[in-house]
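*Asks:* what follows is a predicted structure for the sequence shown.
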Amino acid sequence: MKIKRSGSALAEADMTPMIDLVFQLVAFFMIVTNFDQQQADERVKLPVDQLAQPRQEARKYEITVNMGFIRDAEGRILSQPLVMNPETGEVDVLTYGKTQLPREAAIARAQGGDEQVSKTTIAIRADAEFPTGLVQELIKLAQEAGFSKFSLKAMAGEE
Amino acid sequence: MKIRYRPDEAKVEIQMSSMIDIVFQLLIFFMLTLKIVAEEGDFDINMPIGQAASSAPPELKVEYKVRLLADADGNLRDIRVGDKSLGAQVPHSFNLLNNDVRGWASSGGTYSDDLEVEIDADYNLHYQYVIKAISACTGFVQGDRKIKFLEKIKFAPPRRPAGG
């Protein structure tokens, strides 16, 4: 048998299919990555409901309030009900409602007047085991601060 | 000026390696920032101040009141609509509630814009039951479709524990 030997010692790999594939992967991860939910606190175990509808478009003015507990690795509750705020850390619900919400309202008012306050939605992400009364207290304090739109978050899907 | 023409160098080789470096960096960035979370949905509630108070002026709204009772641990003890007790079985009692609200919403002959559900829950009741009640009062799932028949939900004033 005759074996042909090519003259070139340097083998050039064809990069094109690999680049195609890598671009596909980059595009996939860019689309799948969701930067909207940065305000969500992972410690909050949201209730699950099949009727919870994900929003088609994001709201322009939204303040997310994470309400939950500090839990151990097995999920046992270790703390009082708390608001988990990325700026102030964990604070008591009533303290948050009385200090932080009026501050948020003042910021919104400074940016766009009373109209912006009324357009701002308070998105409540409360833990499934959170006492309802405290969620209501927070809504009441938010109303006193000037907010009127609320949205209660739940995980979409079957239990 | 002298222009050099080299007919033997028609094929220009592009340097791919730097581009590949950047593309790999991008790929790794997006892979690391990816957080797989279940989709979150929400229930909208419009509650301007004064509406929750019992002294609000009487409006032309037709109201349906759901009372959710809790035991000492915050679990559901009973769902009551008027004098009717619907029990505390999940999801059976919430299905009963859903049927009841649907019957009520379709019987009045009014537009659903005028219908409103008020949820009156015990202070220590776990929040998940309130979400279930809101879900049962606003819509249902038929096959793959989610049908909403009512939009307006409000809360009764919180029932603070005695001495609290």
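*Replies:* Great, that's in hand.

*Asks:* separation between the residue most central in space within chain B and B:Glu13?
*Replies:* For chain B, B:Asp42 is the residue whose C-alpha lies nearest the centre (Cα atoms, centre = their mean; 2.3 Å). Counting by Cβ to Cβ, to the nearest Å, the gap from B:Asp42 to B:Glu13 is 54 Å. All C-beta spots, glycine's among them, are computed from the backbone N, C-alpha and C.

*Asks:* about what we covered before: who's in contact with the residue nearest to the centre of chain B?
*Replies:* By Cβ atoms under 8 Å, 6 or more residues apart in numbering or on different chains, the residues touching B:Asp42 are A:Ala52, A:Gln53, A:Arg55, A:Ala123, A:Ser151, A:Leu152, A:Lys153, A:Ala154.

*Asks:* so is the helix or strand hosting A:Arg125 next to chain B?
*Replies:* Here A:Arg125, judged by DSSP states H and E, is contained in strand A:121-126. Yes. Using Cβ under 8 Å from any Cβ of the partner chain, strand A:121-126 reaches chain B at A:Thr121, A:Ala123, A:Arg125, A:Ala126.

*Asks:* that strand pairs with which strands, parallel or anti?
*Replies:* strand A:62-68 (parallel), strand A:149-156 (parallel) (DSSP bridges).

*Asks:* what's the angle from the very next helix or strand once past it to strand A:121-126?
*Replies:* Next helix or strand after strand A:121-126 toward the C-terminus (DSSP H and E): helix A:132-145. Angle of helix A:132-145 versus strand A:121-126, following axes from the mean of the first three to the mean of the last three Cα atoms, to 10 degrees, is 160 degrees.

*Asks:* follow-up on the earlier one: tell me which of the residues of strand A:121-126 next to chain B is nearest to chain B?
*Replies:* Distances from chain B to those, taken as Cβ to the nearest Cβ, are shortest for A:Ala126 (4.8 Å).

*Asks:* identify the bridge partners of the closest one.
*Replies:* Applying DSSP bridges, one finds that A:Ala126 bridges with A:Met67.

*Asks:* all the helices of the chain, in order from the start?
*Replies:* Reading this off chain A. A:16-32, A:93-95, A:101-119, A:132-145 (DSSP state H).

*Asks:* think we crossed wires, I meant chain B
*Replies:* Under DSSP H, chain B gives helices at B:17-33, B:92-107, B:127-138.

*Asks:* hey, which of the ones you listed is tucked in deepest?
*Replies:* helix B:127-138 (a mean of 25; mean count of other Cβ atoms under 10 Å in any protein chain shown).

*Asks:* which strands and helices lie in contact with that helix?
*Replies:* Counting contacts by 3 or more Cβ pairs under 8 Å, 6 or more residues apart in numbering or on different chains; DSSP states H and E, helix B:127-138 packs against strand A:48-49, helix A:132-145, strand A:149-156, strand B:40-46, strand B:62-70, helix B:92-107, strand B:115-121, strand B:153-155.

*Asks:* what mean pLDDT does the fourth one have?
*Replies:* pLDDT averaged over strand B:40-46 equals 83, rounded to a whole number.

*Asks:* that strand to strand A:121-126, inter-axis angle?
*Replies:* Going by the same axes, to 10 degrees, strand B:40-46 makes 130 degrees with strand A:121-126.

*Asks:* in space, what's closest to A:Lys98 - neighbours in sequence excluded?
*Replies:* Closest residue in space to A:Lys98, ignoring its immediate chain neighbours: A:Leu141 at 6.2 Å, by Cβ to Cβ, 6 or more residues apart in numbering or on different chains.

*Asks:* hmm, back to that, give me whichever of the helices of chain A is most buried.
*Replies:* Across the helices of chain A, averaging neighbours per residue (mean count of other Cβ under 10 Å) puts helix A:132-145 on top, at a mean of 22.

*Asks:* contacts for that helix next, please.
*Replies:* Counting by Cβ under 8 Å, 6+ apart, A:65, A:67, A:81, A:83, A:93-94, A:96-98, A:101-102, A:104-105, A:122, A:124, A:126, A:150, A:152, B:45, B:47-49, B:52, B:68, B:121-127, B:129-130, B:155, B:157-161 sit against helix A:132-145.

*Asks:* returning to that earlier point: format the helices of chain A as a markdown table; extra columns: mean pLDDT and distance to A:Arg76.
*Replies:* Listed next are these as a markdown table, based on pLDDT from 0 to 100; distance: least, Cβ to Cβ, whole Å:
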| stretch | mean pLDDT | distance to A:Arg76 |
| --- | --- | --- |
| helix A:16-32 | 88 | 33 |
| helix A:93-95 | 89 | 20 |
| helix A:101-119 | 90 | 30 |
| helix A:132-145 | 91 | 19 |
